[in-house]
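A.B. asks: Sequence below, structure please.
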Amino acid sequence: MKAIVLGNRRGVRRLSAQHSYPSALNEIGDSGQTMLDWSLSAFRNCNVKDVVYVGGYHIEKVVKDYPDLHFYYHEDWEAGSDLHALLKAREEFNEDILVVTTDIVFRKPAIDAMVQGKTITTAASVSFQSLPSGLVDGFQTVPGASDRFFGGMLFIPKNHTENFIGLLEGLSETAEKTTLQDIAVRLLQSATETSDVAIDGHWAALVDSASLAQFVLGTKGQTLERFRPMVRHSKILPHITFPIDSWQSNPQEILKNVSSQCGNGPLVVRSSTSTEDSWSSSHAGSFHSELNVDGSDSAKVAKSIDKVFASYAKAGSQSDKDEVLVQPYLNNVSVSGVLFTRDGTTGAPYYIINFDRLSRRTDTVTSGTGTQIETFVTAKDSDTTKLDGWRQELIIAVREIESLLAYDTLDIEWAINDEGALYLLQVRPLIIKHGKTIADDDFKAEIKTAKEFVEAISRPTPYVLGQKTLLGEMPDWNPVEMIGGSPKPLALSLYQTLITDSAWAKARHLCGYRDVRPEPLLYALSGKPFIDVRVSFNSLLPADLPDELAEPLIEGAVSYLADNPELHDKVEFEVIPNCYLSNLAEKLDSPVGAYLDDAAKKRITELFKDFTSDFIEDAIGVMDAQHLAFKELAKRRNARSTQTGIFGDIACIRGLVADCVRYGTVPFSVLARYGFVAIAILRDLAKNGILTNREHDEFLSHIPTIATKISADLRAFQSGELEAKDFVSRYGHLRPGSYDITAPTYKDMAEAGNFTGNSVNTEMEAETGDISHAQAIWDNRSSEIDRFLKQNGMTFTSATLFNFIVKAVPNRELGKFEFTKSLAEILERTASFGEALGFSREDIAYTSIDTLLRLGSSNMHSVLKEELSRSINYEKKRHSITQAIRLPPLIGASEDISAFNIREARPNFVTQNKAEGAPVLLSSESKAMDLNGKIVVLEAADPGCDWIFSHSLAGLITKYGGSASHMAIRSAEFDLPAAIGCGEIIYNRVQNASYVVLNCENQTIHAEN
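C.D. replies: Reported below is the predicted structural model:
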């Protein structure tokens, strides 16, 4: 048999003829292989050695690269006629002829099917659905069969070649441009003896980026078999696949083949179905696999095969095409996992590697059974030469696969053994949940500018001590807890304006700490909030601490956090000293004090003792003064309620923001600082055995806070004891997502009936909030506490400390409750302003508060709506980039922007209790529901979710939140087992679990999938 390749088509035309070439030389991805290479490979597999090339455009380049072919020059190639090209090679029609074009790829089974015919045969695809993506337009149906499409190939047996040439010559007299498809259609319409044969799944026309991938990727077995001869940077184990009917009809023959192909050693029996690796959905890990099966025991092998086939029926997806794959079991696995070649939610160009290097198994990531799964993320265009060995080798192998497929949206299973050999276990298309949301070029540009920004703000800053800094999500003020990791512009700008631009620093200064104004605490990095750790640590040292002592302490603390990033949400307790605790000397002897000599450590210790004594002795008066500020805030808020209309909204917003900072967030920040110190000292008493852990937990749970009142009133409202208007009057401003204008308030939820008809525990005993019980615990230990304070050089008594703690803890919660009344009014006035201009809450969420504040000091121009509309649309695009960018919780250098490990966080466990049950995932959009006996799972520990405490929860788990966050305080108050700030890895494990065991005493979270 002879093959004729029609190479009429222009491939790439450049200004320089040197860089122009025909379609036959089009490179497939970055593989180095051309379209012609694929055709020649299939010909070789069918033992077709005589290949003729008919071409025109730059045929000399094909001649140079493929000198063993026979060539015919088609001078009229620009006319695009395959008919005339074939006539150029008419003298070659002296044996069986297979005709193909250079814009399709095919496999051996396609050729085998074509050459079985005794007549002229055209290739066909059986149905529209079987065509590769984008191949409908331009592909004619086979006459008489509207569901059959031309498959791009013709076969002419030797005894029909003369008739075929005659047909071509006849057509040439009437048709100037006739494609191979036109010829096939004419043959089927004519009296010429012609048939068509289906070659579905064995050919593809490369018309888009997914075509080749769809051609190569099939079931697990098909994909591995097709890749085996192609890959150079990885290995594929030998394997055998078979469908259920073959297994049922002749199991002994298949067992014999398994032994022949895979040996008698340990085996793995895996699924290989048409549904688990499709282009519309992924069922990775959905079907059963049998690992380490004794290959010498045919009965065990047969039983394992039966189990895998049975799992198809259980999943409701069994079909005649589903197969089982058997291959040798990979021993001595050092690391295994799954690599995504894009982000599965946004399609952003990352390599995301989930891996297990402890279990020595290959299925722990896909099955969800791994307990020590790690994650590494790197932007695809980042420099991977600095990566450790196996990561670098894995990415090289994956890039080869992407190049071979000319496709870069893949889900790849892999494993590496102790000898460092990399094995591919599966390659499947990655299903992007919401479709690709940003352009790769926009992503790359954002990564570049983010790196430049980090480099700029990391340099030394005048009046701020420390040569280097870190940027973190949670080290101070916990922004991701309050506004999320990817806040919209209104929420982000409000948080900056109300708190992290200046209020936080002024409050610290009022409390006796270093004044770092005008440095901001928070930077937006690609729209994501990050705390400047250097500035934070400066602000947590007493103002009287000399620079020569403060700077080396800050340098040591920053370096210690960089080496222990799991502490990023616990810095005020475990990294930077900010009040005197009994372990201060121990901390200064740790790496935190690495740059301090003994004399410096002694001076720092004495200064902290004096500072803390004064801090607590003055606290009651300072805290009382903040309550006067809250009264002024309420007075001013009520006065501004008279401003109406669009101009009134803007004026009101401007006034509310100024008032909220002066009389709301600054006082709240003062109270928050006292609250932190109170919690720190209380923990110090427990760590030193002055209080038992149980006494510590009970003491906290009996300090009444605003949360106690909210929960009691919510139960009263739901039981009918409290009228709706009274409940709304007290708590209507609260919302799950305090800064999110789109989140419903308690007023909205109450009016919508979300709080009614739910199964709340109306008989919950008032065991919490009884200050007399806390007093009893304290009085029982007062002498030990006094002795402990005196030994540590404190000048205040246990009685003073008791009064301080029982005021500081609830005052912090009350302060937030009060200032969020003005925050809620700012959001409602913003919504009113937006509505007047035709913008929804969702739209106006993409407007910065700065834009609105500027409107309050100038007249509104006539095209304001159009200008805001353009700005909103732009910010929506920017926010899609914010959502697509992935960043580590702690950034130490610009390189961390593009490559980082996601470490398993160390949650902040609250109480010594244990809980187990079904997890319930809640968001700011969740309606009130029955949560009794459930473990509630939240992304952020926002106090706007206080309604959950009206239920008898089993436990609470949050992704974000610090050890003294609002939800940590509330959990302690209700004696509720909680894990606050469990991080991305544990959170993902828990939210996908069916059952969770939360053991706070042992500090473990077990999630059953």
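A.B. asks: Please, which helix or strand holds F71?
C.D. replies: strand 70-73 (DSSP states H and E).
A.B. asks: Mind listing residues that contact the next helix or strand after that strand?
C.D. replies: Moving toward the C-terminus from strand 70-73, the next helix or strand (DSSP H and E) is helix 82-88. Around helix 82-88, the neighbours that count as contacts under C-beta atoms under 8 Å, 6 or more residues apart in numbering are 4, 6, 8, 54-55, 72-74, 76-77, 99, 101, 165, 168-169, 171-172, 175, 178-180, 182-183. For every residue, glycine as well, the C-beta is placed using N, CA and C.
A.B. asks: For the stretch 351-500 of the chain, give me the ranges with low pLDDT.
C.D. replies: Within the stretch 351-500 of the chain, the segments meeting pLDDT under 70 span 368-371, 433-436.
A.B. asks: from the contacts of helix 82-88, which would you call buried?
C.D. replies: Buried members of the contacts of helix 82-88, scored by 16 or more other C-beta atoms under 10 Å, are 4, 6, 8, 54-55, 72, 74, 77, 99, 101, 165, 168, 171, 175, 178-180, 182-183.
A.B. asks: Can you flag which of the residues you listed belong to helices?
C.D. replies: Cross-referencing the buried ones among the contacts of helix 82-88 against helices under DSSP state H gives 165, 168, 171, 180, 182-183.
A.B. asks: and the two most separated of those residues?
C.D. replies: Greatest spatial distance among these (C-beta to C-beta): I165 and D182, at 16.3 Å.
A.B. asks: For the ones in helices among the buried ones among the contacts of helix 82-88, could you give me a markdown table that also reports distance to E916?
C.D. replies: Converted to a markdown table, those look like this (distance: C-beta to C-beta, whole Å):
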| residue | distance to E916 |
| --- | --- |
| I165 | 80 |
| L168 | 77 |
| L171 | 78 |
| L180 | 67 |
| D182 | 70 |
| I183 | 71 |
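A.B. asks: Domains in this structure, by residue range?
C.D. replies: Under the assignment automatic domain parsing, the domains of the chain span 2-208, 212-429, 442-617, 622-703+780-860, 901-1008.
A.B. asks: Let me see the backbone angles for the residue nearest to E193 when sequence neighbours are not counted.
C.D. replies: Among residues not flanking E193 along the chain, T119 sits closest, at 4.5 Å (C-beta to C-beta, 6 or more residues apart in numbering). Note on T119: its backbone torsions stand at phi -120, psi 180 [degrees, to the nearest 10].
A.B. asks: For the strand holding F71, name the packing helices and strands.
C.D. replies: strand 50-55, helix 59-65, helix 82-88 (3 or more C-beta pairs under 8 Å, 6 or more residues apart in numbering; DSSP states H and E).
A.B. asks: try 7 Å this time
C.D. replies: Here strand 70-73 touches strand 50-55, helix 59-65, going by 3 or more C-beta pairs under 7 Å, 6 or more residues apart in numbering; DSSP states H and E.
A.B. asks: just checking, what packs against the longest one?
C.D. replies: Looking back up the chat, that one is helix 59-65. strand 70-73.
A.B. asks: roughly how far out does the strand it packs on sit from the chain middle?
C.D. replies: 54 Å (C-alpha atoms, centre = their mean, to the nearest Å).
A.B. asks: related to what we said a few turns ago, so which of the helices and strands packed on strand 70-73 is the most surrounded?
C.D. replies: For the helices and strands packed on strand 70-73, average neighbour numbers computed from mean count of other C-beta atoms under 10 Å are highest in strand 50-55, which has a mean of 21.
A.B. asks: So what touches that strand?
C.D. replies: 2-8, 22, 24, 40, 43, 62, 69-72, 74, 77, 85, 88-89, 92 (C-beta atoms under 7 Å, 6 or more residues apart in numbering).
A.B. asks: Find me the pLDDT at the residue nearest to E193, would you?
C.D. replies: At T119, the model reports a pLDDT of 88.
A.B. asks: neighbours of the residue nearest to N417 when sequence neighbours are not counted, just the number please.
C.D. replies: Closest residue to N417 apart from its sequence neighbours, by C-beta to C-beta, 6+ apart: N332 at 4.8 Å. Neighbours of N332 under the rule other C-beta atoms under 10 Å: 10.
A.B. asks: Would you check that N332 makes contact with D418?
C.D. replies: Yes. With contact defined as C-beta atoms under 7 Å, N332 counts as touching D418 (4.3 Å).
A.B. asks: could you point out the longest helix in this protein?
C.D. replies: Per DSSP H, the chain has its longest helix at helix 798-836.
A.B. asks: can you redo the domains of the chain as TSV with distance to I885?
C.D. replies: TSV is the format used below for those (distance: least, C-beta to C-beta, whole Å):
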stretch	distance to I885
domain 2-208	25
domain 212-429	7
domain 442-617	4
domain 622-703+780-860	17
domain 901-1008	14
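A.B. asks: if we compare those, which one ends up closest to G737?
C.D. replies: Judging the domains of the chain by C-beta to C-beta, what sits closest to G737 is domain 901-1008, at 3.7 Å.
A.B. asks: pLDDT of the closest one, averaged?
C.D. replies: 81.
A.B. asks: just stretch 547-559 next, same as before
C.D. replies: For stretch 547-559, mean pLDDT rounds to 98.
A.B. asks: mind listing what's buried in it?
C.D. replies: Of the residues in stretch 547-559, those buried by neighbour count under the rule 16+ other C-beta under 10 Å are 549-559.
A.B. asks: how close does K959 sit to S260?
C.D. replies: Look at K959 and S260: by C-beta to C-beta, to the nearest Å, they are 51 Å apart.
A.B. asks: do the same with T642
C.D. replies: Counting by C-beta to C-beta, the gap from T642 to S260 is 90 Å.
A.B. asks: Equivalent analysis for T119, please.
C.D. replies: T119 is 39 Å from S260, by C-beta to C-beta.
A.B. asks: try Q189
C.D. replies: From Q189 over to S260 the distance is 49 Å, taken as C-beta to C-beta.
A.B. asks: For the two, indicate the residue with more neighbours.
C.D. replies: Under the criterion of other C-beta under 10 Å, the comparison of Q189 against S260 puts Q189 first, with 12 against 9.
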